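1. Only the shape, not the letters, is given here:
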């Protein structure tokens, strides 16, 4: 009996505790705030991708050097220049010295050429005289050989006969003179000395007659073999001498011509060097190729650890190096970097709205996504110099935006906020993105009374969900999806 009473007491206590707990829950529910709700309604919205970037000149004309050397003068960075205006000057001292040395070399080469030409003229005359002499001797030797082979002509034979007859007459006269002297000596009319003189004259006349007869016999007879052989050898020797002389003359003139060609080539080369040096000297003054804003380029100074610095007077640059650019004010394009997660959501030709903070909140420019890079690289590799200090681990793609209009207020380097219009604005049935729960059963929303309803649609941008089916305008749903338990 006692135990029964105790159990009854415990049961009553439990009932009282349960009743108290229920009352507490009801009190807490009454004091808890109701979940925040929103109304499903139509709204005009566009799908925009926002990226930061900077302006870059669309029309850029490089300014390059025409000579090597140290920059002595240079237009100020950002200065407005006109076409033809001198914007840079190179130290010309070395070029002036080189021109002076080349002038001396040209004069020396011209003198050498003149000497070579005079030597050739003298060689031609000397060779011509030598060949003429040998040729004349050959003609004479040929004539003599022909004379030997031909023999005496009738006139020559007649001359020899006359000579023999004259010597015979002289001999007969000498004999008559000796006979007279003898008779006179015998008669005592002359001395023995005159007889001796007459005898000597007779001997001389007889010797001359004999010589004439011998000469006649030799001349009228066949020529001796040794005489004919000697004449042939003389002609052949002179012919060989003439051929050798001509070949020697040709070689000598060819050598002289080669020396002349070398001297002319040296002179042309010196003149070409002088012309090139003159052009380089003239190129020490660099003129602006067009009008615009002068923007100096940067260079990496290896002496200071590769720090990028602006090219300025005192810096040495090489021929054809680009030291600056002339940009056209207002004609700009936008350079941006797209994150790898967004690369598949954009395409060239998409409209872009470009806001330039430096020009105020109301300045917005229309543009078109012009190019999208096909290879992603680390932000450190593609960002402008000075933005990233080390590898960031973020992969981005370079892209450019073409502005549809120019504006003189736009300047290279200005920062911009580009909004790429992936989908243009139109009336859409939108709810907050966080109001939709996504699971294996599909997309769901919680109505204001806590019930759950299935919906169909897609996430739109970073803030909204575009409803296709399951909700009607004017219905109220909870802002944040949280499915209640039983």
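-> Yes, it's here. Note that the structure is a prediction, hence the values are computed from the model and not measured.
2. Show me where the stretch 351-486 of the chain has its strands.
-> 351-355, 364-372, 377-378, 395-403, 415-432, 436-439, 442-446, 452-460, 464-469, 476-478 (DSSP state E, counting those that start in this stretch).
3. now those as CSV including distance to residue 159, mean neighbour count and mean pLDDT?
-> The C-beta positions use only the backbone N, C-alpha and C, and glycine is treated the same way. Putting these into CSV (distance: least, Cβ to Cβ, whole Å; neighbours: other Cβ atoms under 10 Å; pLDDT from 0 to 100) gives the following:
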stretch, distance to residue 159, mean neighbour count, mean pLDDT
strand 351-355, 125, 20, 93
strand 364-372, 115, 17, 92
strand 377-378, 117, 14, 86
strand 395-403, 116, 21, 91
strand 415-432, 125, 17, 89
strand 436-439, 147, 14, 89
strand 442-446, 149, 19, 90
strand 452-460, 141, 15, 90
strand 464-469, 143, 18, 90
strand 476-478, 157, 18, 91
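4. Format those strands as CSV; extra columns: distance to residue 213.
-> CSV is the format used below for the strands of the stretch 351-486 of the chain (distance: least, Cβ to Cβ, whole Å):
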stretch, distance to residue 213
strand 351-355, 134
strand 364-372, 123
strand 377-378, 124
strand 395-403, 125
strand 415-432, 134
strand 436-439, 155
strand 442-446, 157
strand 452-460, 149
strand 464-469, 152
strand 476-478, 165
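5. Identify the residue nearest the residue nearest the centre of the chain in space, chain neighbours excluded?
-> Nearest residue to the geometric centre of the chain (Cα atoms, centre = their mean): residue 320, 9.6 Å. In space, residue 320 comes closest to residue 64 once its chain neighbours are excluded; the distance is 5.5 Å by Cβ to Cβ, 6 or more residues apart in numbering.
6. That neighbour contacts residue 322, doesn't it?
-> Yes. The pair residue 64 / residue 322 is scored as a contact, 4.8 Å apart, by Cβ atoms under 8 Å.
7. So between these two, which is more surrounded?
-> residue 64 (16 against 12; other Cβ atoms under 10 Å).
8. How about the contacts made by the more buried one?
-> Residues near residue 64 by Cβ atoms under 8 Å, 6 or more residues apart in numbering: 286, 320, 321, 322, 323.
9. how about the strands of the stretch 351-486 of the chain, which one is nearest residue 48?
-> Residue 48 sits nearest to strand 415-432 of all these, at 4.5 Å, using Cβ to Cβ.
10. Point out where this structure drops to low pLDDT.
-> Applying pLDDT under 70 to the chain picks out residues 1-33, 151-152, 219, 221-223, 302, 304-306, 384-389, 483-486.
11. hang on, the earlier thing: correct me, but the residue nearest to the centre of the chain touches residue 65?
-> Yes. With contact defined as Cβ under 8 Å, residue 320 counts as touching residue 65 (6.7 Å).
12. now residue 466, nearest residue through space, not along the chain?
-> Using Cβ to Cβ, 6+ apart, the closest residue to residue 466 is residue 460 (4.2 Å).
13. Beta-bridge partners for the one you found, please?
-> Beta bridges link residue 460 to residue 464, judged by DSSP bridges.
14. wait, doesn't it sit right on residue 48?
-> No. Taking Cβ under 8 Å as the definition, residue 460 is not a contact partner of residue 48, at 10.7 Å.
15. May I ask which helix or strand encompasses residue 106?
-> helix 93-150 (DSSP states H and E).
16. Quick one: name whatever helix or strand follows that helix.
-> Taking DSSP H and E, what comes next after helix 93-150 is helix 154-186.
17. quick check: angle from that following helix to helix 93-150?
-> 60 degrees (axes from the mean of the first three to the mean of the last three Cα atoms, to 10 degrees).
18. Mind listing what's buried along the next helix-or-strand element following helix 154-186?
-> Note on helix 154-186: by DSSP H and E, the next helix or strand toward the C-terminus is helix 192-220. Across helix 192-220, burial judged by 16 or more other Cβ atoms under 10 Å covers 195, 198, 201, 202, 205, 206, 208, 209, 212, 216.
19. And those residues, which is closest to residue 301?
-> residue 216 (112.7 Å).
20. Name the nearest residue to that closest one, sequence neighbours excluded.
-> residue 160 (4.5 Å).
21. now do residue 415
-> Closest to residue 415 by Cβ to Cβ, 6+ apart is residue 54, at 5.5 Å.
22. cool, and residue 315?
-> residue 71 (5.4 Å).
23. quick one: secondary structure of that neighbour?
-> Under DSSP: H, G, I helix; E, B strand; the rest coil, the three-state class of residue 71 is strand.
24. how close does residue 111 sit to residue 117?
-> 11 Å (Cβ to Cβ, to the nearest Å).
25. Compare those two (neighbour count), which wins?
-> Neighbours per residue (other Cβ under 10 Å) separate residue 111 from residue 117, with residue 117 holding more: 15 against 12.
26. unless I'm mixing things up, residue 363 is touching residue 356, no?
-> Yes. Using Cβ under 8 Å, residue 363 makes contact with residue 356 at a distance of 5.5 Å.
27. neighbour-wise, which of the two wins?
-> residue 356 (21 against 14).
28. Please report the distance of the more buried one from residue 369.
-> Counting by Cβ to Cβ, the gap from residue 356 to residue 369 is 17 Å.
29. Residue 104 now?
-> From residue 104 to residue 369 the distance is 63 Å (Cβ to Cβ).
30. cool, and residue 430?
-> 25 Å.
31. cool, residue 60 as well?
-> From residue 60 to residue 369 the distance is 21 Å (Cβ to Cβ).
32. ok, now residue 207?
-> Counting by Cβ to Cβ - residue 207 and residue 369 are separated by 134 Å.
33. quick one: contacts for residue 412?
-> Contacts for residue 412 (Cβ under 8 Å, 6+ apart) come out as 55, 56, 57, 295, 327, 332.
34. Any chance of TSV for the residues you listed, columns neighbour count, secondary structure and distance to residue 228?
-> Supplementary listing: those in TSV, determined by neighbours: other Cβ atoms under 10 Å; DSSP: H, G, I helix; E, B strand; the rest coil; distance: Cβ to Cβ, whole Å:
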residue	neighbour count	secondary structure	distance to residue 228
55	21	strand	109
56	17	strand	104
57	22	strand	102
295	20	strand	101
327	22	strand	101
332	29	strand	107
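35. Residue 466 touches residue 429, doesn't it?
-> Yes. Residue 466 lies in contact with residue 429 (Cβ under 8 Å); the separation is 6.7 Å.
36. Would you map out the domains in this structure?
-> 1-31, 37-45+426-478, 68-90+285-325, 115-257 (automatic domain parsing).
37. Which one of the ones you listed lies nearest to residue 265?
-> Of all those, domain 115-257 comes closest under Cβ to Cβ, at 11.8 Å.
38. May I have the distance across that closest one, first residue to last?
-> 12 Å (Cα to Cα, to the nearest Å).
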